[in-house]
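Q: Sequence first, then the predicted structure:
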Amino acid sequence: MEKNPFKWPLSVLATLLMWCTDLFFNIPAYLLWPSEVPPFSPFTNYHSDLGRTTLHPTRNFYNSPLGAQFYNTGQVWMGLTIILFTGGLYVFYMDNKLKNLVLYIAQFFGILAGIGLVMNGIFSEDFGETHAFWSMVIFTSIIVAEFFINGVLLTHPKFKKSIAYFGFLTGLMSVILIFIDLPGGWNFFMEFIAIYIAEAWITLVAINIFHEKIGNK
């Protein structure tokens, strides 16, 4: 096995950096949530609420300036890792022009989702409609990318079919988030599910790549 991480596939390195985002940016943002407002909860807050520094007009919350800086910087970092991960999927190119074309399209939308995350970090919830626009870009791009990527890789000889089926489930979570208005606080919670189940899928893809490109050597 190749022990030098600098020689590992791009998608594998990107996935490691992705999880560093949660560890070094999102967790501090949560811990810096001010005590004078209602506690942060996945049933009363969206994930991106961690990036707000101004009082929400109806839900009476905001994050501390330092907490919001951590979160918004993490969004930019996360976007860059998604761009790198998506670009690294070239390892799945095949001797089939049609399948490669679908994968190219999937990569385009994956990169677009990464750009959306970067823009969400620049235009936090404080920017209202601009933030909402880029959030929609993120989730719609994720839906297209996940269905296209998994549709192609389902037939790839070196990709585990179970990961592809899980990938379809991650895309479905984003569809529910965008198009179905759930009762109570489930809309908030569904966003968290959609985000972290997508990260779990990315991790499984990276493990598959690592096993095929590094672990078998």
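A: Arrived safely, thanks for sending.
Q: Quote the end-to-end distance of stretch 121-140.
A: End-to-end distance for stretch 121-140, by C-alpha to C-alpha, to the nearest Å: 18 Å.
Q: ok now it, how far from the chain's centre?
A: Centre-to-centre, stretch 121-140 and its host chain are 14 Å apart (C-alpha atoms, centre = their mean, to the nearest Å).
Q: For that stretch, could you pull out the residues that count as buried?
A: Neighbour counts over stretch 121-140 (16 or more other C-beta atoms under 10 Å) mark 121, 123-125, 127, 131, 134-135, 137-140 as buried. For the C-beta atoms, the positions are set from N, CA and C on the backbone; glycine is no exception.
Q: mind listing the helices in the protein by residue range?
A: Secondary structure of the chain by DSSP state H: the helices cover 10-21, 27-31, 65-87, 97-122, 129-153, 161-179, 186-210.
Q: coming back round to it: which single one of the buried residues of stretch 121-140 is nearest to P65?
A: S124 (11.2 Å; C-beta to C-beta).
Q: Give me the spatial nearest neighbour of that closest one, chain neighbours excluded.
A: G51 (3.9 Å; C-beta to C-beta, 6 or more residues apart in numbering).
Q: just checking, that neighbour touches F127?
A: No: using C-beta atoms under 8 Å, G51 is not in contact with F127; the gap is 9.8 Å.
Q: pull the CA atoms of stretch 66-74 into PDB?
A: The C-alpha coordinates for stretch 66-74 follow below in PDB (Å, rounded to 0.1, in the frame of the first residue of the first chain):
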ATOM      1  CA  LEU A  66     -16.300  34.700  15.700                       C
ATOM      2  CA  GLY A  67     -18.600  31.700  15.400                       C
ATOM      3  CA  ALA A  68     -20.000  33.000  12.100                       C
ATOM      4  CA  GLN A  69     -16.500  33.600  10.800                       C
ATOM      5  CA  PHE A  70     -15.600  30.000  11.600                       C
ATOM      6  CA  TYR A  71     -18.700  28.700   9.800                       C
ATOM      7  CA  ASN A  72     -18.500  30.900   6.700                       C
ATOM      8  CA  THR A  73     -14.800  30.200   6.300                       C
ATOM      9  CA  GLY A  74     -15.600  26.500   6.600                       C
END
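Q: contacting residues for D22?
A: Contacts for D22 (C-beta atoms under 8 Å, 6 or more residues apart in numbering) come out as 74, 199.
Q: mind checking pLDDT for L172?
A: pLDDT for L172: 93.
Q: mind putting the buried residues of stretch 121-140 in a markdown table, pLDDT included?
A: Formatted as a markdown table, those follow (pLDDT from 0 to 100):
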| residue | pLDDT |
| --- | --- |
| G121 | 96 |
| F123 | 97 |
| S124 | 95 |
| E125 | 94 |
| F127 | 95 |
| H131 | 95 |
| W134 | 96 |
| S135 | 94 |
| V137 | 96 |
| I138 | 95 |
| F139 | 93 |
| T140 | 94 |
